[in-house]
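> fold the stuff below for me.
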Amino acid sequence: MKTADVRRDIPLLDDVIYLDAASTTPTPRPVVEAISDYFYNYNANTGRGAYRMAVKATQRLDEARNKIARFVKADPNEIIFTKNTTEAINMVASSLEFERGDNIVVPNIEHHSNLVPWLNLKGKGVELRMVKADEEGVIDPESFNEMIDGKTRLVSITHISNSLGTVQPVEEIAEIAENKGVMCLVDAAQSAGHMEVDVKQLKADFVAFPGHKGLLGPVGTGFLYCAENAQKELKPLNLGGGTVDDVTDHDFNLTEAPACFEGGTQNIAGFIGLGAAIDYLERIGMPSIEKHSNKLTQIMYQEIQDLEKVTVYGSPENIYGIVSFNIDNINPHDLAKILDETKSICVRSGFHCAILSMKHIGAYDIGGTVRASIHYYNTQEEIEILSETLKKVSNFLG
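Below is the predicted model:
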């Protein structure tokens with residue numbers, strides 16, 4: 001599929017220049033149609049009925065899980081449905097058995113979803129250790145190696161920074177953790193659907209995914225990859241319907257993963273839609289998406305970097321899909337509003353749920369940054385319109 005074909009499947013792109021894929025992506029028609037098909041034709045619960053509609057709904061949900069697993073190179077029983085990346089990370093934070101004196105190692109530029117859940121464990125006597133990124137927002141694996149000790153329970157790191165677009169050496173860090181007998185979690189919120197993510201190659205015990213960002217799926221969907229050998233380390237918390245094989249008046253027997261972690265009715269339509277989104281990405285082809293995104297990222301970075309009175313964060317050698325920047329003397333929110341009101345350009349502004357990252361790059365006191373983020377549906381012409389508009393704003397207000 002070509003970019004023009006994808007744009008035809010996303011009607012709202014006729015009216016706006018959408019550069020906020022890092023927050024969420026617009027949903028293509030085939031995904032919406034798959035969701036509608038469920039509601040119109042077999043709107044029944046899953047795993048709970050012998051009638052044909054219920055059987056069909058169960059089959060479609062199982063098919064979606066299989067597609068997701070194949071896409072990230074996992075086994076289906078290693079895919080746990082969640083409503084987003086945040087819930088997936090919190091599932092690990094709440095379900096792992098931590099002891100007083102344990103420590104967790106994370107970078108200092110993480111999204112709050114990969115920071116606050118670990119900070120919250122301080123009440124249990126768990127220490128949070130932070131590895132400092134370099135000036136361009138990249139983590140040195142050796143810094144993790146030096147921080148890990150005999151009381152380290154987990155290391156957790158994002159694959160691509162949501163605030164800076166920097167690609168982190170997660171495979172090297174996961175290997176360090178593995179060699180030291182420490183568990184590893186990777187936040188794939190900004191890499192999934194934008195580049196190949198092979199969970200086995202990552203060597204992480206846990207990988208948290210969103211459905212509504214790079215995967216082009218609906219909001220309210222996400223999943224946690226939990227390696228089979230790590231599942232015994234998690235204690236299911238959301239118990240109830242679908243999580244047990246047997247119950248007595250004094251005890252119960254949990255069913256096997258992933259069902260034991262998925263209590264109650266799931267977002268059936270959403271995950272069926274996510275399965276359709278996986279089909280859609282495979283029709284485009286991940287190599288095509290990566291080639292397109294790499295090219296546009298470099299163009300966007302250079303176009304903005306060449307403007308006067310503009311600060312661009314990170315460097316073209318290590319960013320992907322995201323460019324974070326500021327124009328001198330213009331508040332990021334004001335700039336985002338101007339872009340929207342003058343050229344219908346949609347970008348994110350502010351702290352990007354990553355306050356420590358903004359402090360690290362010196363953008364906290366000025367209100368954060370403006371963040372432009374892309375996907376396969378974006379074009380070079382849109383990047384040029386962004387650059388031209390920024391130049392006019394900079395000359396007039398900067």
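> helices of the protein, start to end?
3-8, 29-41, 52-71, 85-95, 116-119, 141-147, 170-179, 199-202, 268-284, 286-305, 332-343, 355-360, 380-397 (DSSP state H).
> so how far is the fifth one off the chain centroid?
Which is helix 116-119. Centroid displacement of helix 116-119 relative to its chain, using Cα atoms, centre = their mean, to the nearest Å, is 17 Å.
> which residues are contacting that helix?
Residues from elsewhere that reach helix 116-119 (Cβ atoms under 8 Å, 6 or more residues apart in numbering): 89, 90, 92, 93, 94, 104, 106, 126, 128, 156. All C-beta spots, glycine's among them, are computed from the backbone N, C-alpha and C.
> just the mean pLDDT for that helix, thanks.
For helix 116-119, the mean pLDDT works out to 98.
> which one of the helices of the chain lies nearest to residue 133?
Comparing those against residue 133 with Cβ to Cβ, the closest turns out to be helix 355-360 (6.2 Å).
> follow-up on the earlier one: out of the helices of the chain, which is closest to residue 233?
helix 85-95 (8.1 Å).
> show me what that closest one is packed up against.
Packing contacts for helix 85-95, counted by 3 or more Cβ pairs under 8 Å, 6 or more residues apart in numbering; DSSP states H and E, involve strand 79-82, helix 116-119, strand 183-187, strand 206-210, strand 222-226.
> so which of the helices of the chain gets nearest residue 325?
Shortest distance between residue 325 and the helices of the chain, using Cβ to Cβ, is found for helix 286-305: 5.3 Å.
> could I get the helices of the chain as JSON lines with distance to residue 370?
Listed next are the helices of the chain as JSON lines, based on distance: least, Cβ to Cβ, whole Å:
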{"stretch": "helix 3-8", "distance to residue 370": "24"}
{"stretch": "helix 29-41", "distance to residue 370": "29"}
{"stretch": "helix 52-71", "distance to residue 370": "32"}
{"stretch": "helix 85-95", "distance to residue 370": "23"}
{"stretch": "helix 116-119", "distance to residue 370": "24"}
{"stretch": "helix 141-147", "distance to residue 370": "29"}
{"stretch": "helix 170-179", "distance to residue 370": "26"}
{"stretch": "helix 199-202", "distance to residue 370": "31"}
{"stretch": "helix 268-284", "distance to residue 370": "28"}
{"stretch": "helix 286-305", "distance to residue 370": "9"}
{"stretch": "helix 332-343", "distance to residue 370": "5"}
{"stretch": "helix 355-360", "distance to residue 370": "12"}
{"stretch": "helix 380-397", "distance to residue 370": "9"}
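> make JSON lines from those and add distance to residue 366 and mean neighbour count to it.
Supplementary listing: those in JSON lines, determined by distance: least, Cβ to Cβ, whole Å; neighbours: other Cβ atoms under 10 Å:
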{"stretch": "helix 3-8", "distance to residue 366": "34", "mean neighbour count": "15"}
{"stretch": "helix 29-41", "distance to residue 366": "38", "mean neighbour count": "16"}
{"stretch": "helix 52-71", "distance to residue 366": "39", "mean neighbour count": "18"}
{"stretch": "helix 85-95", "distance to residue 366": "27", "mean neighbour count": "22"}
{"stretch": "helix 116-119", "distance to residue 366": "23", "mean neighbour count": "18"}
{"stretch": "helix 141-147", "distance to residue 366": "27", "mean neighbour count": "17"}
{"stretch": "helix 170-179", "distance to residue 366": "30", "mean neighbour count": "20"}
{"stretch": "helix 199-202", "distance to residue 366": "35", "mean neighbour count": "17"}
{"stretch": "helix 268-284", "distance to residue 366": "37", "mean neighbour count": "23"}
{"stretch": "helix 286-305", "distance to residue 366": "17", "mean neighbour count": "18"}
{"stretch": "helix 332-343", "distance to residue 366": "7", "mean neighbour count": "17"}
{"stretch": "helix 355-360", "distance to residue 366": "9", "mean neighbour count": "21"}
{"stretch": "helix 380-397", "distance to residue 366": "14", "mean neighbour count": "16"}
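> among the ones you listed, which is nearest residue 232?
Checking those against residue 232 by Cβ to Cβ gives helix 85-95 as the closest, at 11.1 Å.
> just the mean pLDDT for that closest one, thanks.
Rounded mean pLDDT across helix 85-95 is 98.
> quick one: residues contacting the closest residue to residue 212 other than its chain neighbours.
Sequence neighbours aside, residue 219 is the residue nearest to residue 212 in space, at 4.4 Å (criterion: Cβ to Cβ, 6 or more residues apart in numbering). Going by Cβ under 8 Å, 6+ apart, residue 219 touches 24, 211, 212, 270.
> of those, just say which sits nearest to residue 364.
Nearest to residue 364 among those, with distances taken as Cβ to Cβ, is residue 24, at 24.3 Å.
> that closest one: neighbouring residues, count only.
Using other Cβ atoms under 10 Å, residue 24 is surrounded by 16 other residues.
> now for it: which residues touch it?
By Cβ under 8 Å, 6+ apart, the contact list for residue 24 reads 212, 213, 219.
> mind putting these into CSV with pLDDT?
Output for these, formatted as CSV (pLDDT from 0 to 100):
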residue, pLDDT
212, 98
213, 98
219, 98
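> backbone phi and psi for the residue lying farthest from the centre of the chain, please?
Distance to the chain centre peaks in the chain at residue 249, reaching 41.6 Å (criterion: Cα atoms, centre = their mean). The phi/psi pair for residue 249 (degrees, to the nearest 10) reads phi -80, psi 0.
> in this structure residue 338 contacts residue 394, no?
No: applying Cβ atoms under 8 Å, one finds residue 338 not in contact with residue 394, separated by 10.7 Å.
> name the nearest residue to residue 129, sequence neighbours excluded.
Using Cβ to Cβ, 6+ apart, the nearest residue to residue 129 is residue 105, at 4.8 Å.
> could I get the contacting residues of that neighbour?
129, 130, 131, 144, 147, 148, 152, 154, 155, 156.
> ok, residue 182 next?
By Cβ under 8 Å, 6+ apart, the contact set of residue 182 is 148, 152, 153, 154, 155.
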